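In: return a 3D structure for these sequence lines:
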Amino acid sequence: AASTAVAVRCTCDADASSDQNGPASKSPSRRLFNKLQADPAERLDVLPAADELGRGSRHFSVWTGLGKQVSLGDVLRASEGVEVVLIGETHDDTVAHQLELYLLMSLQTCRATALSLEMFETDVQPVIDEYLTGLIREKDMLMDARPWANYWSDYRPMVQFCKHA
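Out: Down below sits the predicted model:
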């Protein structure tokens, strides 16, 4: 059986072109999500403050293992002193994927960061690397990498961030 730990490094200098597909919506969270997919140089300017997220939201909340409610800012501060940050999620939860993108973008501002996606199996690592370095088009990467059905809506923004970071 193939292991599922593919690294999508966020340190590549690659071609800034990308395909523009995927779902659209008029909700505030979708507008933010769409902004995050826009010009890579402007992405960090649209992120809301981490200490404002996770408490009192009707969309999500953040809790410690001891049952204390905290903000994403607390999670980011806790992440500063560790070597590896693992985030578990339900694979078809779009809000969780938006939070993962937020954490990835925030962590990238203060430390070297790599994204590992269970969705891609280890045998496709060379294909992912070729895409991230601009050797192949996204269309070609997707033909060979066997992404899940929700790649466009849930995982592509994280891959694109890494490609352009």
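
In: other SSEs contacting the helix ranked longest in the chain?
Out: Counting residues, the longest helix in the chain under DSSP state H turns out to be helix 94-108. Under the contact criterion of 3 or more C-beta pairs under 8 Å, 6 or more residues apart in numbering; DSSP states H and E, helix 94-108 touches helix 28-36, helix 72-79, helix 156-164. C-beta: built from backbone N, CA, C; applies to glycine.

In: let me know the pLDDT of residue 62.
Out: At residue 62, the model reports a pLDDT of 84.

In: now the one helix or strand residue 140 maps to: buried residues?
Out: Residue 140 is located in helix 138-145, with elements delineated by DSSP states H and E. Neighbour-count burial for helix 138-145, with 16 or more other C-beta atoms under 10 Å as criterion, is recorded at 138, 141-142, 145.

In: same question, stretch 89-103
Out: Of all the residues in stretch 89-103, those buried under the rule 16+ other C-beta under 10 Å are 94, 96-103.

In: stretch 72-83 too?
Out: Across stretch 72-83, burial judged by 16+ other C-beta under 10 Å covers 72-76, 79.

In: touching it from outside, list them.
Out: Stretch 72-83 has contacts (C-beta atoms under 8 Å, 6 or more residues apart in numbering) with 49-54, 62, 85, 99, 102-103, 106-107, 110-111.
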